[in-house]
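>>> following is a predicted model, sequence given first.
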Amino acid sequence: MRPTETKNPATMSSIANAAEVSISTVSRVMGGGRGISRQTIDKVKKAAHEMGYRPKPSSSTRTSRKSKSACLRIGLVHWGNDNYLPEHAIQTYLHQKFIIETWRAASEAGHMLCLDYLNHDQPNNRSSVLAAEAVDGLIVKGSIHPETLEQLPPHVPAVILRMPMGLPATHTSVNCNYTAGIARCVRYLHEIGHRRIGFFCMADQRIDDMDKIVSYQQTLNLLELDASSYLMTPFRNQFPDSETACASAIDSWMNLAEPPTAIISSESYCYSFAEHLKTRGLLVPRDISLIDAVTGASPHHTLRENSTRLQMPARDMCKVAVEHLIRQIHNPKAPPQTVLMDMDFIIGDTTAPPPHHLP
């Protein structure tokens with residue numbers, strides 16, 4: 001008798017017996033076969049065909065949708081380079097925080113997180129997370145360039161954590177409001193009496209450092225303070241390492257007729273500044289105040305938990321990134337959005353009013 005003439009349709013139980021597999025394996029094969037070997041899939045499908053099994057489309061569709069809704073696979077990909085390999089990235093506070101908080105947000109929503117690293121300096125490296133149908137959506141972080149965005153799978157929804165300013169808004173991004181954050185740092189120092197406020201960042205470190213510099217200068221201008229004498233923006237290739245760049249900045253500042261009484265350091269240089277100030281017999285905050293902005297890129301051994309700092313709200317950023325990604329997965333035609341989040345400003349023990357003996 002031909003399969004189409006079968007009066008008693010095959011059941012999953014009878015197919016399982018014929019294929020010598022479990023009923024759950026038959027169910028998974030009929031639901032798409034994810035995680036099942038090709039040999040087992042072929043054996044189950046052959047038995048089902050011979051027994052005249054015909055799945056109900058509506059039931060299959062509902063099962064597939066329910067499965068996808070119940071547990072999505074969210075990829076977290078970190079892009080680095082030869083100077084920022086995974087073993088270096090894992091040592092940084094912000095990297096660890098983003099991994100933990102993205103996992104927490106995904107887990108609390110009932111989804112799975114897949115983690116991988118890619119290196120810009122190795123163009124032929126491959127990622128299993130970026131492979132076709134490996135994940136339902138992506139969260140991308142690290143060193144983001146136009147080439148990074150081009151390598152993302154075109155049909156996989158993606159959210160960028162810390163998209164540098166100036167890149168095309170082709171994807172939803174979650175970033176910090178650096179402009180408001182740096183302005184808050186300057187105003188706080190002014191409120192406690194500082195009038196000579198320095199700012200340091202590497203000129204070629206990040207595209208969004210320009211926003212921080214502009215905010216620093218604009219806020220000083222509004223407060224009618226010097227907005228140029230205390231700005232230090234060296235290029236990375238001018239120095240063998242960041243330690244030397246920090247030492248050079250301290251030398252330049254302290255050789256001024258009126259040195260700064262406070263320094264705002266972008267990214268991870270406050271520890272180096274404090275060490276170099278010690279060599280000159282100057283202590284923080286007795287002689288000079290320091291603000292770490294933006295805390296996160298620092299290695300753990302250089303972090304002072306009690307420092308005055310402008311800090312990324314990593315937990316909130318990751319939660320928002322996961323929420324937007326899930327929304328995009330379910331609504332793939334939704335336009336990309338740019339989310340700017342307020343930063344945490346924490347007053348610690350590295351700032352104080354300027355010394356009384358200074359004018």
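Yes, it's here. What you see is a predicted model, and the numbers here were worked out from it, not measured in a lab.
>>> immediately after the worst-scoring helix or strand of the chain on mean pLDDT, which helix or strand?
The weakest-scoring helix or strand in the chain, judged by mean pLDDT, DSSP states H and E, is helix 57-70 (a mean of 46). Following helix 57-70 in sequence order, the next helix or strand is strand 73-80 (DSSP states H and E).
>>> show the contacting residues for the residue nearest to Ser143 when sequence neighbours are not counted.
Spatial nearest neighbour of Ser143, excluding adjacent residues (C-beta to C-beta, 6 or more residues apart in numbering): Trp79 at 5.1 Å. Backbone N, C-alpha and C define where each C-beta goes, glycine included. For Trp79, the contact set (C-beta atoms under 8 Å, 6 or more residues apart in numbering) comprises 117-120, 140-145, 148.
>>> just the buried ones from those?
Among the contacts of Trp79, those scoring as buried are 117-120, 140-144, 148 (criterion: 16 or more other C-beta atoms under 10 Å).
>>> could you pull out the helices in this structure for me?
Applying DSSP state H to the chain gives helices spanning 12-19, 23-30, 38-50, 57-70, 86-89, 93-108, 146-150, 178-191, 209-222, 242-254, 270-279, 314-330.
>>> flag whichever of those has the least confidence on average.
The minimum mean pLDDT among these belongs to helix 57-70 (a mean of 46).
>>> partners of the residue nearest to Ser143 in the sheet?
Beta-bridge pairing for Trp79 (DSSP bridges): Leu118, Gly142.
>>> how close does it get to Ala227?
Going from Trp79 to Ala227 by C-beta to C-beta, to the nearest Å gives 34 Å.
>>> what residues does stretch 223-241 touch?
Around stretch 223-241, the neighbours that count as contacts under C-beta under 8 Å, 6+ apart are 186-187, 190, 195-205, 209, 213, 216-218, 220-221, 242, 245, 248-249, 252-253, 256, 260.
>>> and Phe345, what does it touch?
181, 184-185, 188, 309-311.
>>> identify the farthest-apart pair in the residues you listed.
The most widely separated members of those, counting by C-beta to C-beta, are Tyr188 and Gln311 (13.7 Å).
>>> turn the contacts of Phe345 into CSV, columns for distance to Val26 and neighbour count.
What follows is the contacts of Phe345, written out as CSV (distance: C-beta to C-beta, whole Å; neighbours: other C-beta atoms under 10 Å):
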residue, distance to Val26, neighbour count
Gly181, 56, 22
Arg184, 61, 19
Cys185, 62, 27
Tyr188, 65, 19
Arg309, 57, 28
Leu310, 57, 25
Gln311, 52, 20
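>>> show me how the chain divides into domains.
With domains defined by automatic domain parsing, the chain comprises 3-69, 72-177+313-343, 178-312.
>>> how deep is Pro240 tucked in, by neighbour count?
Look at Pro240: counted by other C-beta atoms under 10 Å, it has 9 neighbours.
>>> state the distance from it to Thr279.
The gap separating Pro240 from Thr279 is 18 Å, by C-beta to C-beta.
>>> over to Ser228?
Going from Ser228 to Thr279 by C-beta to C-beta gives 27 Å.
>>> kindly report the same for Gln218.
Here the criterion is C-beta to C-beta. By it, Gln218 lies 33 Å from Thr279.
>>> okay, the two: which has more neighbours?
Higher neighbour count among Gln218 and Thr279: Gln218, with 15 against 9, using other C-beta under 10 Å.
>>> residues in contact with that one?
Contact partners of Gln218, counting by C-beta under 8 Å, 6+ apart, are 183, 227.
>>> with Val29 instead?
Per C-beta under 8 Å, 6+ apart, neighbours of Val29: 36, 40-41, 44-45.
>>> tell me the one among the residues you listed nearest to Asn331.
Among the contacts of Val29, Ile36 lies closest to Asn331 (C-beta to C-beta), at 29.9 Å.
>>> ok, Cys185 touching Ile264?
Yes: counting by C-beta atoms under 8 Å, Cys185 touches Ile264, with 5.1 Å between them.
>>> what do these two both touch?
Here Cys185 and Ile264 share the contacting residues 291, 293, scored by C-beta under 8 Å, 6+ apart.
>>> how near is Ile50 to Ile15?
Wrong residue type there; residue 50 is Glu, not Ile. 9 Å.
>>> count of neighbours near the nearest residue to Ala18 once chain neighbours are set aside?
Distance criterion C-beta to C-beta, 6+ apart; nearest residue to Ala18, sequence neighbours excluded, is Ala47 at 4.1 Å. Ala47 is flanked by 20 other residues according to other C-beta under 10 Å.
>>> go ahead and confirm Ala47 touches Ala19.
Yes: counting by C-beta under 8 Å, Ala47 does reach Ala19; the two are 4.2 Å apart.
>>> just the buried residues out of the contacts of stretch 223-241, in ChimeraX syntax.
Filtering those down to the buried ones (16+ other C-beta under 10 Å) takes a single ChimeraX command:
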select :186,190,195,196,197,198,199,200,201,202,205,209,213,216,217,220,242,245,249,253,260
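>>> now do the same contact list for Arg73.
By C-beta under 8 Å, 6+ apart, the contact list for Arg73 reads 111-112, 114, 134-136.
>>> for Phe98, that is, sorry about that
Neighbouring residues of Phe98 by C-beta under 8 Å, 6+ apart: 76, 141, 161, 314, 317-318.
>>> format those residues as TSV; extra columns: distance to Phe345.
TSV is the format used below for the contacts of Phe98 (distance: C-beta to C-beta, whole Å):
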residue	distance to Phe345
Leu76	27
Lys141	23
Leu161	21
Ala314	15
Met317	16
Cys318	20
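>>> what's around Tyr178, how many residues?
Applying other C-beta under 10 Å, we find 25 residues neighbouring Tyr178.
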